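J.: Predicted structure and sequence below. I'll ask about it afterward.
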Amino acid sequence: MDFREGLGVPVMSNAANTPDTILAPKPVLKTARPRLYKVILLNDDYTPRDFVVRVLKGEFGMTEAQAYRVMMTAHKRGACVVAVFARDIAETKATRATEAGRAKGYPLMFTTEPEE
Ligand code: TYC
């Protein structure tokens with residue numbers, strides 16, 4: 001029996017002075033954490049400010065004050081990071097928020113991009 005090939009199963013100690021616990025082999029590859037994605041609000045010249053605020057509150061759970069600040073940052077600088085999520089959640093929220101504007105005839109646009 002080669003104790004280095006064990007799977008972490010505790011065994012009784014014995015007179016041969018072998019270890020009580022056998023460690024599992026160290027994995028060769030480390031598991032990468034999934035990347036996070038930014039949801040980005042883009043400015044446009046047509047969507048009313050109060051509508052942008054309403055969408056930010058409804059889709060991203062922001063307070064009035066948070067939503068107003070994000071809207072004004074996009075308005076002045078052209079774009080603003082709204083929040084960061086796992087990829088599928090970021091894409092779903094960006095699509096739903098963009099669709100909310102489209103349903104009212106506004107060109108409001110949310111995009112996603114990976115962090116780092
Ligand atoms: N620029 C728009 C206006 O003046 C308001 C607006 C702000 C639209 C932010 C989109 O992401 C946006 N009515």
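T.: Happy to help now that I have it. Numbering: from 1, shown residues only.

J.: Outside of the helix of greatest length in the chain itself, which residues are in contact with it?
T.: The longest helix of the chain (DSSP state H) is helix 87-103. For helix 87-103, contacts defined as C-beta atoms under 8 Å, 6 or more residues apart in numbering pick out 34-39, 47, 51, 55-56, 58-60, 83-85, 107-112, 114. For the C-beta atoms, the positions are set from N, CA and C on the backbone; glycine is no exception.

J.: what about that helix and the ligand, any contact?
T.: No: for helix 87-103, no contact with the ligand is found by C-beta under 6 Å from any ligand atom; the gap never falls below 8.5 Å.

J.: Just list what the following helix or strand past that helix packs against, helices and strands only.
T.: Downstream of helix 87-103, the next assigned helix or strand under DSSP states H and E is strand 109-114. Other elements packing on strand 109-114 under the criterion 3 or more C-beta pairs under 8 Å, 6 or more residues apart in numbering; DSSP states H and E are strand 36-42, helix 87-103.

J.: Just the local confidence number for the residue nearest to His75 when sequence neighbours are not counted, please.
T.: Using C-beta to C-beta, 6 or more residues apart in numbering and skipping the chain neighbours, the partner closest in space to His75 is Asn43 (5.5 Å). Per-residue confidence at Asn43 stands at 98 (pLDDT).
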